[in-house]
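In: pasting the sequence and the predicted coordinates here, then a few questions.
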Amino acid sequence: MKVTDTSDLWWKNAVIYSLDIETYDDSNADGVGDLGGLARRIDYLAELGITCLWLMPFYPSPDRDDGYDIKDFYGVDDRLGNHGQLVEVIRTAHDRGIRVIADLIVNHTSDQHPWFKSARRSVDSPYRDFYVWRDTEPPDTSHQVVFPDQEDSIWELDERTEQWYLHHFYKHQPDLNVANPKVRDELMRVIGFWIELGIDGFRVDAVPFFLDDVETQEAEGLAGNPHDLLRRIRAFLGRRKGSAMMLGEVNVTHKKQLAYFGGDHGGQLDMMFDFVTMQATYLAMARGDARPLARALAGRPQIHPACQWATFLRNHDELTLDKLSDAEREEVFAAFGPQEEMQIYGRGLKRRLPPMLQGDPRRIRMSYSLLFSLPGTPTLYYGEEIGMGEDLALEGRMAVRTPMQWTAGKNGGFSAAPPSKLMAQPVPGGYAPEHVNVADQQEDPDSLWTHVHSLITAYRRCPEIGWGEARIIEQPHHGVLAHRCDLDDSALLAVHNLAAEPVTLQLPVEGSDSSSVAEDVLGREPVALTGGGVELTLEGYGFRWLRVHQSRGALMA
């Protein structure tokens with residue numbers, strides 16, 4: 001690999017940071033975060049080391065699903081600002097070396113979208129076929145709903161026309177009929193519009209749902225090959241902006257994920273979140289046993305060289321555990337969310353990482369070291385860098401969507417508005433802004449912010465993590481995950497102890513010889529290679545990163 005390759009396929013070694021504009025920073029004291037507030041925080045993101053900013057929906061919306069219920073794909077919600085301010089954010093981010101991607105929601109609209117408002121007025125509406133309808137009463141589909149505590153069917157009767165419309169999510173989010181060529185054309189226009197405004201790619205929401213809608217599988221144009229739409233979108237995106245990428249939310253098994261990459265040939269999604277590995281990570285941490293995580297990593301299919309896995313510990317949704325068995329899920333619940341108020345939908349948790357780990361700094365630091373060393377591209381959810389907590393009093397997924405905590409002052413520095421006007425209150429208790437905030441941690445060399453910053457710096461120095469060939473290193477300690485990523489004449493070896501007991505292990509370093517040099521990437525202590533291996537002692541929840549290279553070659557730093 002040449003260093004110049006990293007700019008062509010920039011997503012393979014990026015650091016992605018996800019935020020909701022309305023919860024990040026309020027510049028006009030109305031209680032809602034806005035684009036003006038985000039603009040003044042771009043330098044903060046650059047200092048942290050972020051290279052890709054993922055903006056959650058900023059489109060006009062009734063806001064019944066935190067902005068994912070869109071009524072205008074081409075607009076900017078006036079609570080957040082306008083197109084001019086968005087362009088200012090994008091341009092400022094680009095100037096600081098940060099790319100910007102936006103949420104692309106192609107599965108559904110709000111029921112307040114003009115398309116649907118027209119479609120439900122008459123069966124003869126020109127927008128009727130923008131959605132999926134049926135004449136006969138549907139069978140029981142309660143097992144297919146995404147939010148089982150809110151809906152009991154994926155069909156809803158529209159009384160005016162006496163037909164049922166499809167909605168995999170909430171009934172106020174009717175599914176688009178992506179088999180309709182006019183809908184596909186409109187989606188391309190939406191993509192083209194935002195690319196012209198400077199967006200560098202998209203995080204594509206709920207990909208399996210818009211490909212697999214029950215009434216569109218047999219439709220002309222998609223029959224027998226539902227991935228055709230993804231290929232068309234990717235090809236269109238490449239024509240409009242060659243450096244743009246698509247990151248997909250695809251919560252399926254590894255085997256099924258391969259198809260969404262485009263198989264051996266690629267050409268569909270460039271990146272996908274690795275939900276399987278994320279869930280295995282929590283099972284491994286609950287047990288203090290690294291073997292579930294090792295199996296998940298070993299079970300990843302080989303993907304196209306231009307594609308990449310996005311690794312994460314937390315996102316804006318529930319922390320889903322749906323790919324674990326019932327017994328495994330109960331283990332994670334017992335360890336990290338034993339109370340019913342901490343659980344959601346019977347399949348996940350509504351908590352952030354630090355409270356789940358009872359604030360133990362050893363486990364928290366080890367977890368983020370693990371995230372940044374796993375083969376793939378790390379993704380952070382806003383506030384993770386300072387260890388924000390959740391507000392369990394808030395309904396559902398909103399528990400982890402609280403205002404960013406900038407200072408120990410009023411409203412955590414998020415807004416100068418009266419607390420009663422805030423879109424949400426800061427987290428209370430031990431994770432409140434007076435205890436957890438950016439300003440204090442940036443000045444503290446022992447803070448979580450400083451630790452995450454150092455991990456980002458180390459990760460950016462080690463292209464082996466994003467580009468190398470990864471494999472598990474066999475060793476006898478069940479609590480330890482040891483893996484290596486090989487690239488050209490160097491390798492990154494990462495060792496993490498998920499158990500509370502200290503261990504000493506002899507780690508083989510295959511391919512090393514008398515000319516090999518070992519570098520402690522995190523700068524803790526010297527490392528000696530002897531006899532084709534290295535001896536390491538790890539404290540409980542300890543970790544090490546070692547970079548091995550041939551002394552005649554230069555470090556790729």
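Out: Perfect, thanks for sending it. Numbers count the residues shown, from 1 in each chain.
In: show me what contacts L45?
Out: For L45, the contacting residues are Y17, L53, A93, R96, I98, by C-beta atoms under 8 Å, 6 or more residues apart in numbering. For the C-beta atoms, the positions are set from N, CA and C on the backbone; glycine is no exception.
In: from these, which is closest to E535?
Out: The closest of those to E535 turns out to be Y17 (C-beta to C-beta; 37.0 Å).
In: the strands in the stretch 351-500 of the chain, which residues?
Out: In the stretch 351-500 of the chain, the segments counted as strands under DSSP state E, counting those that start in this stretch are 377-381, 469-472, 480-487, 490-497.
In: neighbouring contacts of the first one?
Out: Outside of strand 377-381, the residues that reach it under the criterion C-beta under 8 Å, 6+ apart are 11-19, 50, 54, 271, 273, 308-312, 314-316, 371-372, 400, 452, 459, 466.
In: switch to 6 Å and redo it
Out: Residues from elsewhere that reach strand 377-381, judged by C-beta atoms under 6 Å, 6 or more residues apart in numbering: 14-18, 308, 310-312, 314-315, 371-372, 466.
In: narrow these to those in helices?
Out: L371, F372, G466 (DSSP state H).
In: from the chain's centre, how far out does the host helix or strand of Y165 sit?
Out: Assigned by DSSP states H and E, Y165 belongs to strand 163-166. Chain-centre distance of strand 163-166: 32 Å, with C-alpha atoms, centre = their mean, to the nearest Å.
In: could you say what helices and strands it packs with?
Out: Other helices and strands packing on strand 163-166, by 3 or more C-beta pairs under 6 Å, 6 or more residues apart in numbering; DSSP states H and E, are strand 133-134, strand 155-158.
In: and the last one, which residues are buried?
Out: Yep, that's strand 155-158 we're talking about. Neighbour-count burial for strand 155-158 flags W155, E156, D158 (criterion: 16 or more other C-beta atoms under 10 Å).
In: can you list the strands that that strand pairs with?
Out: Using DSSP bridges, strand 155-158 pairs in its sheet with strand 163-166 (antiparallel).
In: show me what the next helix-or-strand element following the partner strand is packed up against.
Out: Tracing the chain past strand 163-166, the next element assigned as helix or strand by DSSP H and E is helix 181-196. Under the contact criterion of 3+ C-beta pairs under 6 Å, 6+ apart, helix 181-196 touches helix 228-240.
In: by how many degrees do the helix it packs on and helix 181-196 diverge?
Out: 30 degrees (axes from the mean of the first three to the mean of the last three C-alpha atoms, to 10 degrees).
In: quick check: mean pLDDT of helix 228-240?
Out: Per-residue pLDDT over helix 228-240 has a mean of 93.
In: surely F116 is in contact with D175?
Out: No: counting by C-beta atoms under 6 Å, F116 stays clear of D175, with 10.3 Å between them.
In: what does the helix or strand containing L283 contact?
Out: Following DSSP H and E, one finds L283 within helix 275-287. Outside helix 275-287, the residues that touch it by C-beta under 6 Å, 6+ apart are 251, 254, 290, 292-293, 296, 312, 321, 323-324, 328, 331-332, 335, 498.
In: quick check: closest non-adjacent residue to L507.
Out: Distance criterion C-beta to C-beta, 6 or more residues apart in numbering; nearest residue to L507, sequence neighbours excluded, is V534 at 5.2 Å.
In: doesn't the one you found fall inside a helix?
Out: No: counting by DSSP: H, G, I helix; E, B strand; the rest coil, V534 is not part of a helix but strand.
In: ok, it to H167 distance?
Out: Using C-beta to C-beta, to the nearest Å, V534 is found at 56 Å from H167.
In: also A327?
Out: 32 Å.
In: more neighbours, the two?
Out: Comparing A327 with H167 by other C-beta atoms under 10 Å, the one with more neighbours is H167, at 23 against 7.
In: from R300, how far out is the more buried one?
Out: H167 is 33 Å from R300, by C-beta to C-beta.
In: low-confidence stretches in the stretch 451-557 of the chain?
Out: 512-515, 524, 526, 550-557 (pLDDT under 70).
In: what about the helices in it?
Out: Secondary structure of the stretch 451-557 of the chain (DSSP state H, counting those that start in this stretch): helices located at 464-467.
In: next: the stretch 201-350 of the chain.
Out: Under DSSP H, counting those that start in this stretch, the stretch 201-350 of the chain gives helices at 207-211, 228-240, 254-261, 275-287, 291-298, 326-336.
In: of those helices, flag the one that's most buried.
Out: Highest mean neighbour count of the helices of the stretch 201-350 of the chain: helix 275-287, a mean of 23 (counted as mean count of other C-beta atoms under 10 Å).
In: which secondary element of the protein has the worst mean pLDDT?
Out: helix 207-211 (a mean of 78; mean pLDDT, DSSP states H and E).
In: what sits opposite Q506 in the beta ladder?
Out: For Q506, the beta-bridge partners are E535 (DSSP bridges).
In: okay, now it: neighbour count?
Out: Neighbour tally, Q506, other C-beta under 10 Å: 12.
In: wait, doesn't S415 sit right on D26?
Out: Yes: proximity of S415 to D26 meets the contact threshold set by C-beta under 6 Å, at 3.6 Å.
In: sorry, back to before: closest one of the ones in helices among the contacts of strand 377-381 to I195?
Out: G466 (24.2 Å).
In: circling back to that earlier point, closest one of the buried residues of strand 155-158 to V509?
Out: W155 (58.2 Å).
In: so who does that closest one touch?
Out: P138, W164.
In: again, but for the one 10 residues further on
Out: If a contact means C-beta under 6 Å, 6+ apart, then Y165 has Y131, W133, E156, D158, P174 as its contacts.
In: shaky segments in this structure?
Out: The low-confidence ranges in the chain, as defined by pLDDT under 70, are 210-226, 512-515, 524, 526, 550-557.
In: if you set the cut-off to 80 instead, what comes out?
Out: 1-6, 210-226, 511-517, 524-526, 528, 530-532, 549-557 (pLDDT under 80).
In: still on that earlier bit, reformat the contacts of Y165 as JSON lines; add distance to L492.
Out: Below are the contacts of Y165 laid out as JSON lines (distance: C-beta to C-beta, whole Å):
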{"residue": "Y131", "distance to L492": "49"}
{"residue": "W133", "distance to L492": "53"}
{"residue": "E156", "distance to L492": "51"}
{"residue": "D158", "distance to L492": "56"}
{"residue": "P174", "distance to L492": "47"}
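In: okay, now the residue nearest to Y431 when sequence neighbours are not counted: neighbour count?
Out: What sits nearest to Y431 in space, not counting adjacent residues and going by C-beta to C-beta, 6+ apart, is G389, at 2.8 Å. Residues near G389, counting by other C-beta under 10 Å, number 26.
In: and the gap between G389 and S454?
Out: Distance, G389 to S454, by C-beta to C-beta: 22 Å.
In: just the ones of the contacts of strand 377-381 in strands?
Out: Here DSSP state E is the test, and those give I16, Y17, S18, Q308, A310, T311, F312 as lying in strands.
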